[in-house]
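Enquirer: Sequence first, then the predicted structure, then my questions.
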Amino acid sequence: AFGSGGPVDHDTTLISWSMAKSMTQALLSIVIDEIGIDVDAPVDLAEWASDGRQKITLRQLLQMRDGLDFVEDYIVDESGNSVSHVIDMLFGSGAEDVATYARSRPLKNEPGSVWSYSSGTTNIICSLLRQYIGDGDVAELLKQRIFDSLGMTTATARVDNAGNFIGSSYVYATARDFAKFGYLYLRGGQWEDTQVVPLEWVEAARVQHATDEESGHGYGLQWWIWK
């Protein structure tokens, strides 16, 4: 239903993949601003309360400096085996509940010390968003606060069977609607006469704190920085 792999035109609905991460950051920024969340305080997850993960902050998650052991690799060997946690999360044992899968990963590095790109981290952020809004519907809030505000009429956010918005990967929309979201950030979070995303969080998202060795691209807060 979301594209057949054939020719693409202005009506073709495409998958976001990691553009959804940036949309997650946008929605979280709105919630942070409205309910007053301390992004430098340790996040409240029961699974992390008794080990080193209890020190992980929301800012570290946004930066992908949480220190969790998560392999972001899309390669499968000749035997059909993979050590990829992202494949397992999206298509394997974690697909029914991506948040629980991602939150279960153990600590590999001291929180804040190492940058490591991780789709699991974004799905942890989505689960925290769900907590912040009282176990509410994150995908519906994304529609109300971002998609509807920008007139992204084709945009659809997908959830797993546990009700988690899969913010690492799964928003579907036409290219023109994706472009509207990019234009929102080019305009400092403003759409027409409305400040949709707080300016300070738009600016924070594009402050580079890491560089990907393979691509040479920088990273901010759930946003790649191409120069």
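Expert: Cool, the structure landed. Values in this document were obtained by computation on a predicted structure and should not be read as measured data. Numbering: from 1, shown residues only.
Enquirer: who's in contact with the closest residue to Ser104 other than its chain neighbours?
Expert: Ranked by Cβ to Cβ, 6 or more residues apart in numbering and with sequence neighbours excluded, the top spatial neighbour of Ser104 is Glu47, at 6.8 Å. Backbone N, C-alpha and C define where each C-beta goes, glycine included. By Cβ atoms under 8 Å, 6 or more residues apart in numbering, the residues touching Glu47 are Arg53, Arg103, Ser104.
Enquirer: State the distance from Glu47 to Ile87.
Expert: From Glu47 over to Ile87 the distance is 22 Å, taken as Cβ to Cβ, to the nearest Å.
Enquirer: ok, now Pro198?
Expert: Pro198 sits 35 Å away from Ile87, going by Cβ to Cβ.
Enquirer: could you show me where the strands are in the protein, in order?
Expert: Assigned by DSSP state E, the strands in the chain fall at 14-15, 156-157, 171-173, 190-191, 194-195, 210-211, 218-219, 224-225.
Enquirer: Count the residues that sit near the residue lying closest to Thr57 once chain neighbours are set aside.
Expert: Sequence neighbours aside, Asp40 is the residue nearest to Thr57 in space, at 5.3 Å (criterion: Cβ to Cβ, 6+ apart). Asp40 sits with 9 neighbouring residues when counted by other Cβ atoms under 10 Å.
Enquirer: My read is that Asp40 contacts Arg59, right?
Expert: Yes. Asp40 is within contact range of Arg59, at 5.5 Å (criterion: Cβ atoms under 8 Å).
Enquirer: Please name the residues that touch Leu61.
Expert: If you count contacts by Cβ under 8 Å, 6+ apart, Leu61 has them with Val43, Thr121, Ile124, Ile125, Leu128.
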